[in-house]
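Undergrad: Whatever this is, show me its structure:
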Amino acid sequence: MGHRLAGPGRDPGGPGKRLTRDERLRRELELCDRWGIPHSQFRGIGDGTWTERDRVKAIAYLEYQQSVCPQCGTRHDDWDHGGDDEEDRYVAVLQKCVGCEVIADKQKELEDSGESPHGMKVALVPVAVQAAMDLMRDHDRRRRIAADDE
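TA: This is a model prediction of the structure:
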């Protein structure tokens, strides 16, 4: 008899529901998916061959992933849908990301400069890395000037 894990939302009490409740299992299966290994091998109890249970878990994980909104990361079943007996699991909050703000400011600066923004990307680079890059550019520029003077 094979193992059966219902996909998320199919059977309200079924084993597939574990994926919706068990964040650790989802994280383990996410790593298995990324690394292309069976869950049994990840847990150290397999030899790397895919068992029937590994395949069922992989398919259940795929079905779970397909039930998650790619934009907000929630599932339809995470929301109350107007029932009086349940509360929503999430609430919308405002968060400020300073990195995103700095990137947006730099993009606006680029647009306002009159330069063509086509193909330009704004990246965050650690200050120490930028300083080292500036030093290298300065060093290379001085070396070229010295070579031209010879």
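Undergrad: Which residue of the protein lies farthest from its centroid?
TA: Relative to the C-alpha centroid of the chain, counting by Cα atoms, centre = their mean, E150 is the outermost residue, at 53.5 Å.
Undergrad: ok, and the closest non-adjacent residue to E28?
TA: Spatial nearest neighbour of E28, excluding adjacent residues (Cβ to Cβ, 6 or more residues apart in numbering): F42 at 5.9 Å. Glycine gets a C-beta too; all of them are placed from N, C-alpha and C.
Undergrad: Phi and psi next, for the one you found.
TA: phi -60, psi -40 (degrees, to the nearest 10).
Undergrad: ditto for R144
TA: Dihedral angles (degrees, to the nearest 10) for R144: phi -70, psi -40.
Undergrad: For D134, see how far away it is.
TA: Using Cβ to Cβ, to the nearest Å, R144 is found at 16 Å from D134.
Undergrad: And D47, by the same measure?
TA: 52 Å.
Undergrad: Could you do Q66 as well?
TA: Relative to D134, Q66 is positioned 47 Å away (Cβ to Cβ).
Undergrad: Ok, W79 next?
TA: 50 Å.
Undergrad: if you count what's nearby, which of these two comes out ahead?
TA: Counted by other Cβ atoms under 10 Å, W79 and D134 do not tie: W79 has more neighbours, with 13 against 10.
Undergrad: Report the contact partners of that one.
TA: W79 makes contact with D88, R89, Y90, according to Cβ atoms under 8 Å, 6 or more residues apart in numbering.
Undergrad: nearest spatial neighbour of the first one, skipping sequence neighbours?
TA: Sequence neighbours aside, D80 is the residue nearest to D88 in space, at 4.9 Å (criterion: Cβ to Cβ, 6+ apart).
Undergrad: Which strand or helix spans that neighbour?
TA: Using DSSP states H and E, D80 sits in no helix or strand.
Undergrad: Same check on A58?
TA: Here A58 is assigned to helix 52-66, by DSSP H and E.
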